[in-house]
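K.L.:
no FASTA, just this:
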């Protein structure tokens, strides 16, 4: 009887492990999911581009701010919030291992910041381009 | 130094998470969700510095939060609102606003204006201050909820 409970407990723990592990993601995981979404949305999707990502990152898109307004033109360095001046840790994963490591954070910040910079949500292709650029920064 | 101030000082020395004591300038900002969600773009402003109806108005407009999108997921919003409600200011309303409309900026409360009326204009204009919302420019431990007089360093 006791063995049965032990086995059941071990099985239950094993069953939730993938859910726990799913919290720790890598930038490559996000690239894959952006790519899958881009392919669904865009018939002729031809892959992400570092150059396009850099232009997107540094452009104000006809509005007030760019990504660089807060994250600086070198995303491997620390930035400052354009309005409040609060320090912001580097955005490039090479300089800050906490970046692109959790799906909820990535979703939250793209949602907020795309809205602030572009006045709309970013497309999966745009997110993929930007992340490809950020990964190219060492 | 009166007893209350002495008590506040002892609390401040004992630990940074000391609860707010009437008359001193240490405030409760220690809520993990509030810290995680609201202290990314600015410091965790002390809930006590605005009345409860101001916080509710602010929390209902996070998608347009002083010209930025500061929206949070519904569970976080509920947890933050509850923390703000528990710790909001309870002084008479004239301390916060001269109108019935909820004031959304701490810097626009009569209390804030009065507390800062001796700050010279050059300090407000300093590039190190940039904005009156940048508490840490002068209150060096503002991000820990500590606004005591001893923690004030005016930028040169």
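P.N.:
Perfect, thanks for sending it. Predicted model only: the values in this text are computed from it and were never measured.

K.L.:
stretch B:34-44 and chain A in contact?
P.N.:
Yes. Using C-beta under 8 Å from any C-beta of the partner chain, stretch B:34-44 reaches chain A at B:40-43. To be clear about C-beta, it is placed using only N, CA and C from the backbone, and glycine gets the same treatment.

K.L.:
how about the helices in chain B?
P.N.:
Secondary structure of chain B by DSSP state H: the helices cover B:3-14, B:32-38, B:52-59, B:74-87, B:110-115, B:121-125.

K.L.:
what is the neighbour count of the closest residue to residue A:104 other than its chain neighbours?
P.N.:
Counting by C-beta to C-beta, 6 or more residues apart in numbering or on different chains, residue B:73 is the residue found nearest to residue A:104 once chain neighbours are left out, at 7.7 Å. Using other C-beta atoms under 10 Å in any protein chain shown, residue B:73 has 13 neighbouring residues.

K.L.:
what of residue B:147?
P.N.:
Using other C-beta under 10 Å, the number of residues around residue B:147 comes to 20.

K.L.:
could you do residue B:106 as well?
P.N.:
Neighbour count of residue B:106, defined by other C-beta under 10 Å: 18.

K.L.:
for it, give its distance to residue B:33.
P.N.:
20 Å (C-beta to C-beta, to the nearest Å).

K.L.:
ditto for residue B:64
P.N.:
Here residue B:64 is placed at a distance of 21 Å from residue B:33 (C-beta to C-beta).

K.L.:
can you check residue B:126 too?
P.N.:
33 Å.

K.L.:
also residue B:146?
P.N.:
Taken as C-beta to C-beta, the span from residue B:146 to residue B:33 is 21 Å.

K.L.:
then residue A:62?
P.N.:
Taking C-beta to C-beta, one finds residue A:62 at 35 Å from residue B:33.

K.L.:
what's whatever helix or strand residue A:107 lives in packed up against?
P.N.:
In this assignment (DSSP states H and E), residue A:107 forms part of helix A:103-118. With contacts taken as 3 or more C-beta pairs under 8 Å, 6 or more residues apart in numbering or on different chains; DSSP states H and E, helix A:103-118 sits against helix A:67-71.

K.L.:
ok, residues contacting the helix it packs on?
P.N.:
A:56-58, A:60, A:75, A:79-82, A:88, A:90-91, A:113, A:117, A:130 (C-beta atoms under 8 Å, 6 or more residues apart in numbering or on different chains).

K.L.:
what are the buried residues along it?
P.N.:
With burial defined by 16 or more other C-beta atoms under 10 Å in any protein chain shown, the residues of helix A:67-71 counted as buried are A:67-71.

K.L.:
what average pLDDT does it get?
P.N.:
In this model, helix A:67-71 carries a mean pLDDT of 98.

K.L.:
between residue A:62 and residue B:33, who's got more neighbours?
P.N.:
Neighbours were counted for residue A:62 and for residue B:33 using other C-beta under 10 Å; residue B:33 has more, 17 against 7.

K.L.:
what sits against the nearest residue to that one once chain neighbours are set aside?
P.N.:
Leaving out its chain neighbours, the residue that sits closest to residue B:33 by C-beta to C-beta, 6+ apart is residue B:79, at 4.2 Å. When contacts are counted by C-beta under 8 Å, 6+ apart, residue B:79 touches B:31, B:33-34.
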